[in-house]
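> Mind looking at a prediction? Sequence and model below.
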Amino acid sequence: MRNVSLNIGEGEVFGFVGPNGAGKSTTIKIMLDVIRDYQGEVSIFGVPAREAAARKGVAYVPEAPAVYEQFTPIEVLRMGLAMYGVRREDAEKWCIGWLERFSIAHAAKRRVRELSKGTVQRVVLAHAMAVSPRLLVLDEPLSGLDPIGRKDVVEILLEFKRQGGAIFFTSHVLHDVERIADRFGLIHNGELRAVRAPSELVGEDERVFVRSQGATAVAGMTPEPGGRWVQEVARPELWALLRSLETAGHVLVEIKPALSLETAFMHVVKGD
């Protein structure tokens with residue numbers, strides 16, 4: 001690891017992106033004091049990461065969480081409250097409420113070993129939220145979730161952010177990073193190559209991607225299955241293309257910057 005320098009503010013979502021072996025999980029282990037053999041300084045809430053007090057208010061969900069298989073989800077959450085020293089008179093109701101938020105209350109008293117991978121992932125995320133953290137550290141939090149589960153989790157994370165919580169998460173699903181993160185870091189071979197906001201990508205490329213649907217061919221548009229058409233154009237040419245699509249009776253499906261986080265990611269990996 002080298003040249004890794006970043007700050008995450010209160011109420012900020014920071015996405016950490018990089019190929020396998022780039023150093024994402026190692027960075028998390030340094031943050032949480034699992035790895036102590038490093039040079040530099042790390043602090044959480046102003047407290048050095050080497051001190052146990054730094055992790056008060058931090059909830060961590062690893063990529064492959066280890067959960068006692070003989071426990072039930074409600075027992076997992078109750079145990080989490082006890083470990084974090086969270087005392088609530090309504091602890092049972094509170095935990096059931098979080099299981100409901102993650103749409104798994106129906107499995108509250110089933111053994112973890114009986115649950116699907118996606119359901120277990122929701123259990124550990126509910127466990128993290130139930131302890132009322134200030135900072136969530138999530139390693140591939142959407143791994144194993146179906147589309148409905150991903151939507152539910154994203155909405156819960158965004159609500160946590162709106163309430164002032166901070167999130168540091170890694171993901172291989174770049175669309176999720178673009179949708180959730182206020183800023184993202186691109187790491188490759190243990191080196192942080194860039195820290196940017198997704199909106200900053202828009203100004204780095206003067207081309208846009210246009211998709212429409214219609215029965216009539218339009219010059220420059222490439223056909224897709226289902227009567228759709230696509231084209232990448234320079235920004236100054238966009239209005240002319242839109243007028244052509246309107247004349248041809250097309251319905252506009254989407255317009256987006258041609259340079260995406262995926263493109264930036266590939267540039268970094270290739271050493272651009």
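Nice, thanks for sending it over.

> Could you pick out the longest helix of the chain?
The longest helix of the chain (DSSP state H) is helix 147-162.

> what does the helix or strand just after that helix rub up against?
Per DSSP states H and E, the first helix or strand lying C-terminal to helix 147-162 is strand 166-170. Outside of strand 166-170, the residues within contact range by C-beta atoms under 8 Å, 6 or more residues apart in numbering are 8-18, 24-25, 28, 31, 63, 134-141, 157, 160-161, 180-181. Any C-beta I mention is one placed from the backbone N, CA and C, and that applies to glycine too.

> Same question for stretch 6-19.
By C-beta under 8 Å, 6+ apart, the surrounding residues in contact with stretch 6-19 are 24, 27, 134-135, 157-158, 161-162, 164-171, 174, 176-177, 180-188, 192, 195, 261, 265, 269.

> quick check, distance from it to the centre of its chain.
In terms of C-alpha atoms, centre = their mean, to the nearest Å, the centre of stretch 6-19 is found 10 Å from the chain centre.

> That stretch spans what distance, first to last residue?
19 Å (C-alpha to C-alpha, to the nearest Å).

> Next, the buried residues of it.
I8, E12, V13, F14, G15, F16, V17, G18 (16 or more other C-beta atoms under 10 Å).

> Need the max-distance pair from those.
Greatest spatial distance among the buried residues of stretch 6-19 (C-beta to C-beta): E12 and G18, at 19.1 Å.

> Could you verify my assumption that A91 touches G80?
No - between A91 and G80 there is no contact under C-beta atoms under 8 Å: 10.3 Å.

> In terms of helices and strands, where is L238?
Element membership for L238 (DSSP H and E) is helix 238-247.
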